[in-house]
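In: Could you work out the structure for the sequence below:
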Amino acid sequence: MALTQRLEFRQSQSLVMTPQLMQAIKLLQLSNLDLTTFVEEELERNPLLERANDEAPAGEAGQYGDGDESGGQGDSLGDDGFGGSGEAFEPGQEEWMSKDLGTRAEIEQTLDTGLDNVFSEEPAEAAARNAQDAVPTTYTEWGGGASGDEDYNLEAFVAAETTLSDHLAEQLSVAFTAPAQRMIGQYLIDLVDEAGYLPPDLGQAAERLGASQREVEDVLAVLQKFDPPGVCARSLSECLAIQLRELDRYDPAMQALVEHLDLLAKRDIVALRKICGVDDEDIADMIGEIRRLNPKPGMKFGSARLQTMVPDVYVRPGPDGGWHVELNSDTLPRVLVNQTYYSELSKKIGKDGDKSYFTDALQNATWLVRALDQRARTILKVATEIVRQQDGFFTHGVAHLRPLNLKAVADAIQMHESTVSRVTANKYMATNRGTFELKYFFTASIASADGGEAHSAEAVRHHIKQLIDSEEPSAILSDDTIVERLRASGIDIARRTVAKYREAMRIPSSVQRRRDKQSALGNVLSTALSDRSRNPEPA
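Out: Modelled structure (predicted):
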């Protein structure tokens with residue numbers, strides 16, 4: 001076989017992942033908060049981008065139903081908030097105010113009384129007027145010159161939120177005088193989480209600080225006496241024990257109860273009564289004291305800020321019986337490309353480097369505007385298809401949620417599954433049944449027992465929860481019984497799947513539920529009997 005050289009023409013197609021294409025894909029999976037941050041950075045970086053100052057039109061809308069696809073637009077109020085043109089006075093008011101009322105005698109003759117009688121001042125009003133007209137005598141009355149300062153900031157007077165770390169550090173400076181003990185105490189305070197707990201193992205703390213384990217334990221013993229009671233504990237038992245010592249209620253029986261909190265969680269009252277060596281009345285009082293304690297003492301101080309969940313899509317019932325799908329215009333950044341500024345600059349710029357910079361800035365700005373528009377259209381398209389597929393959920397509830405996967409939506413809107421997956425990430429839909437993440441509507445399929453239509457996993461979980469909530473204390477349903485009832489309802493499911501769904505919903509086992517409900521029933525009966533003994537019925 002001879003080796004030769006030759007020229008060939010070959011035509012092929014390939015997808016090149018340019019930086020702009022990669023950025024556009026990244027925009028799809030950003031939440032509205034992350035997208036706002038990204039756009040703000042681009043506005044600072046790109047001189048040709050600017051915010052749209054004028055009022056943007058209503059958000060794009062898609063319609064699922066028999067009606068047309070155009071969304072209505074509400075009437076807007078005037079600038080004064082009352083639907084008018086913003087005039088402050090009614091017609092004729094300015095004319096009345098500009099009219100010359102004449103001299104004092106003419107006014108008194110018109111009113112048929114004296115002005116002193118009509119506009120007399122009360123003693124308190126006269127005193128206040130005199131005090132207001134008086135010359136300030138103190139520096140504070142003059143305002144200290146702060147009102148005339150351009151750097152005057154009202155927010156500087158707002159009280160700062162006290163954190164748990166700051167509260168403990170203030171007590172640390174009073175409790176210790178030795179620098180070594182203060183250093184150990186500050187290190188331990190820095191390890192306290194927002195609930196007020198320390199890590200269970202403090203052996204590494206002694207090694208990092210170069211101190212002995214005894215020194216760390218001595219400092220920790222002092223920190224555990226700080227306010228709030230129970231802070232700097234290493235476990236729930238230790239936290240409750242600290243609070244009980246503060247209340248002088250940590251006797252041997254209570255100590256045994258605190259050391260066996262696992263039995264208290266299981267409601268095994270018989271075993272607890274034997275361990276503590278008390279009767280039924282005493283164990284009930286002890287459990288009541290435990291419930292009145294604070295298991296997370298640090299939560300009363302400033303904790304991490306929670307961000308409000310803002311929906312990206314609104315779904316409202318349509319007038320024709322369908323569903324109106326609309327984008328939340330407040331979450332869509334409004335940016336424009338300043339073509340006028342670019343035209344003026346292109347005439348004055350002479351250097352090639354400057355021209356290439358502004359050319360790239362124009363391309364990036366144009367690309368960003370198109371990418372944001374494409375992102376909004378894709379979200380609307382995916383949300384509309386989800387509403388069409390899950391119309392039973394919006395009409396009847398969770399029990400009618402259908403099995404749905406990404407491929408079904410992608411095939412319906414002629415997009416790739418990865419695109420649908422990115423669109424549904426970190427996006428929320430506000431409906432008549434609450435606000436849900438778009439991924440909530442994609443659930444696994446569970447076969448039907450009679451060979452009919454498959455059931456959604458979320459609908460099956462809802463069915464399991466309904467069965468457990470309606471069970472009687474004398475007839476607790478086991479997992480096998482739940483499987484039998486589900487199969488009678490046409491749902492073919494295994495016992496391990498029921499147990500998995502039950503644990504995911506944080507529902508205890510049948511044994512634990514029986515103890516809980518019998519304990520609750522016993523408390524109700526004992527309360528009723530005690531009330532009856534205090535208030536006997538008349539003979």
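
In: Pretty sure Arg334 sits against Leu43.
Out: No: using Cβ atoms under 8 Å, Arg334 is not in contact with Leu43, being 11.0 Å away. Where you see a C-beta, it was placed from the backbone N, CA and C, and this is true even at glycine.

In: which neighbours do the two share?
Out: Arg51 (Cβ atoms under 8 Å, 6 or more residues apart in numbering).

In: Could I get the contacting residues of Ile493?
Out: 446, 460, 483, 486-487.

In: Also Ala253?
Out: For Ala253, the contact set (Cβ under 8 Å, 6+ apart) comprises 276-278, 282, 286.

In: Specify which member of the contacts of Ile493 is nearest to Glu453.
Out: Ile446 (10.8 Å; Cβ to Cβ).

In: I'd like to know how many residues surround the closest one.
Out: Number of residues near Ile446 (other Cβ atoms under 10 Å) recorded here: 19.

In: what's the answer for Ile283, then?
Out: By other Cβ under 10 Å, 21 other residues sit near Ile283.

In: Same question for Ala2.
Out: The burial count for Ala2: 3, using other Cβ under 10 Å.

In: Of the contacts of Ala253, which is the most crowded?
Out: Busiest of the contacts of Ala253 [other Cβ under 10 Å] is Met286, holding 23 neighbours.

In: And it, how far from Val258?
Out: 9 Å (Cβ to Cβ, to the nearest Å).

In: Ile476 now?
Out: Applying Cβ to Cβ, the value for Ile476 to Val258 is 29 Å.

In: repeat for Phe441
Out: Distance, Phe441 to Val258, using Cβ to Cβ: 46 Å.

In: Now do the phi/psi pair for Ala399.
Out: phi -60, psi -20 (degrees, to the nearest 10).

In: Go ahead and confirm it touches His462.
Out: Yes: counting by Cβ under 8 Å, Ala399 does reach His462; the two are 5.9 Å apart.

In: ok, the two, which is more surrounded?
Out: His462 (18 against 15).

In: Enumerate every residue touching the closest residue to Arg249 other than its chain neighbours.
Out: In this structure, Arg249 finds its nearest non-sequential neighbour in Glu289, 6.4 Å apart by Cβ to Cβ, 6 or more residues apart in numbering. Residues in contact with Glu289, defined by Cβ under 8 Å, 6+ apart, are 244, 249, 254.

In: just checking, which of these belong to helices?
Out: Among these, DSSP state H puts 244, 254 in helices.

In: Format the contacts of Glu289 as a markdown table; extra columns: neighbour count.
Out: Formatted as a markdown table, those follow (neighbours: other Cβ atoms under 10 Å):
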| residue | neighbour count |
| --- | --- |
| Leu244 | 22 |
| Arg249 | 13 |
| Met254 | 20 |
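
In: so how far is the helix or strand encompassing Glu215 off the chain centroid?
Out: For Glu215, the enclosing helix or strand under DSSP states H and E is helix 213-223. Chain-centre distance of helix 213-223: 38 Å, with Cα atoms, centre = their mean, to the nearest Å.

In: Output that helix as CSV, restricted to C-alpha atoms.
Out: Taking Å, rounded to 0.1, in the frame of the first residue of the first chain, the C-alpha atoms of helix 213-223 are listed here in CSV:
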residue,chain,number,x,y,z
GLN,A,213,-7.2,20.3,77.8
ARG,A,214,-7.8,21.2,81.5
GLU,A,215,-7.4,24.9,80.7
VAL,A,216,-9.9,24.7,77.9
GLU,A,217,-12.3,22.9,80.1
ASP,A,218,-12.0,25.5,82.8
VAL,A,219,-12.7,28.3,80.4
LEU,A,220,-15.6,26.4,78.9
ALA,A,221,-17.2,25.9,82.3
VAL,A,222,-17.2,29.7,82.8
LEU,A,223,-18.6,30.3,79.3
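
In: Nearest to Glu417 among the contacts of Glu289?
Out: Among these, and counting by Cβ to Cβ, the member closest to Glu417 is Leu244, at 56.8 Å.

In: surely the closest one meets Leu293?
Out: Yes: using Cβ under 8 Å, Leu244 is in contact with Leu293, at 7.3 Å.

In: Give me the phi and psi for Asp516.
Out: phi -60, psi -50.

In: Rank the helices and strands of the chain by mean pLDDT and give me the bottom one.
Out: helix 139-142 (a mean of 42; mean pLDDT, DSSP states H and E).

In: And the helix or strand following it, what does it pack against?
Out: Once the chain leaves helix 139-142, the next helix or strand it forms, by DSSP H and E, is helix 164-175. Secondary-structure packing of helix 164-175 (3 or more Cβ pairs under 8 Å, 6 or more residues apart in numbering; DSSP states H and E): helix 179-191, helix 213-223.

In: Pro19 is nearest to which of those?
Out: helix 179-191 (41.4 Å).

In: which parts of the next helix or strand after that closest one are buried?
Out: Going down the chain from helix 179-191, the next helix or strand is helix 203-209, by DSSP H and E. Buried residues in helix 203-209, counting neighbours by 16 or more other Cβ atoms under 10 Å, are found at 205-206, 209.
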